[in-house]
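J.: What follows is a predicted protein model with its sequence.
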Amino acid sequence: MACDVPALEISRMKIDFFGPPESPLLGVFHEPRQSGVPSLLLCASLGHEYLRGHRALRMVAERWPGAAFRFDWTGSGDSAGEAPPSVERLVGDVEAAAVKLRGLAPEPIVLVGLRIGALVAEKARASLSAKCVGWHPPLSGDTWIREIQAIDAEARRLSHVERPAPHAEDLLGFAYPPLLLEGLRELRRLPETNVTDPSVEDWGHFGHREVPWLPGPSFELLLRSLRI
């Protein structure tokens, strides 16, 4: 089967675990092709949007001429844990990823957060003295939760298989502990710079809950906004 990623790009990726030994996080470092360019710290969304946006963040890392680092949140992907326990833990994940990235590349860091990852990245930004860019961020954490609750309710309504009654901590097959939901609802501060193109994607659409996201025109808008 042919591989759609050039060998040059594959050679730029280094995969390793980082963070606390008792709860390691999986990170992917993309080596820079050009010096003097800010390093990107890519913060994914959560739950089903984490899955949908995975390829898009990889595309950003591969296209960016400087260093880039993406990682799995605690309790997501190949990182340790069953579910992110709280927003404070997510912020700690961003801080640990920044430490790892600064040890690999000397350039200043720019945080790039996709969807709810943008609001988490903005919360972490102050302690990191870094710029932050939001990519298709929701208006607030509460708005985002209501969107996925609506999609979950529609999925249950249309399911032809008998499913248990909805549980407040289970949305679209992903666990959201009470402390995490409470913290997400309180996220209201957007990054100063945000990139979005409403004509490209409606993240709250039921039919898109499992479809990989292809960012389209907003991808180029993001890359242009990052050339700072």
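T.: On my side now, so go ahead.
J.: CA atoms for contacts and neighbours, from now on please.
T.: Will do.
J.: how many other residues sit next to Ser127?
T.: Residue crowding around Ser127 was assessed by other C-alpha atoms under 10 Å; the count is 10.
J.: actually Arg58, not the one I wrote
T.: Neighbours around Arg58, by other C-alpha under 10 Å: 16.
J.: Which neighbouring elements make contact with the helix or strand in which it is found?
T.: For Arg58, the host element (DSSP states H and E) is helix 47-63. Applying 3 or more C-alpha pairs under 8 Å, 6 or more residues apart in numbering; DSSP states H and E, we find helix 47-63 packed against strand 68-71, strand 174-175.
J.: downstream neighbour of the shortest one in the secondary structure list?
T.: Pointing back at strand 174-175 there. Later in the chain than strand 174-175, the nearest helix or strand by DSSP H and E is helix 178-185.
J.: Low-confidence ranges, the protein, go.
T.: By pLDDT under 70, the low-scoring segments of the chain are 1-11, 160-168, 198-201, 228.
J.: export the helices and strands packed on helix 47-63 to TSV and tack on mean neighbour count?
T.: Listed next are the helices and strands packed on helix 47-63 as TSV, based on neighbours: other C-alpha atoms under 10 Å:
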stretch	mean neighbour count
strand 68-71	26
strand 174-175	16
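J.: what would the ones you listed look like in CSV with distance to Gln34?
T.: Formatted as CSV, the helices and strands packed on helix 47-63 follow (distance: least, C-alpha to C-alpha, whole Å):
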stretch, distance to Gln34
strand 68-71, 12
strand 174-175, 39
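J.: any idea which residue sits dead centre in the chain?
T.: Geometric centre of the chain, nearest residue: Ala44, 0.6 Å, by C-alpha atoms, centre = their mean.
J.: mind checking how far that one is from Gly75?
T.: In this view, Ala44 and Gly75 are 13 Å apart by C-alpha to C-alpha, to the nearest Å.
J.: To Pro191, which of the helices and strands packed on helix 47-63 lies closest?
T.: Set against Pro191 and scored by C-alpha to C-alpha, the helices and strands packed on helix 47-63 come closest in strand 68-71, at 18.6 Å.
J.: Since that was my last question, I'll sign off now.
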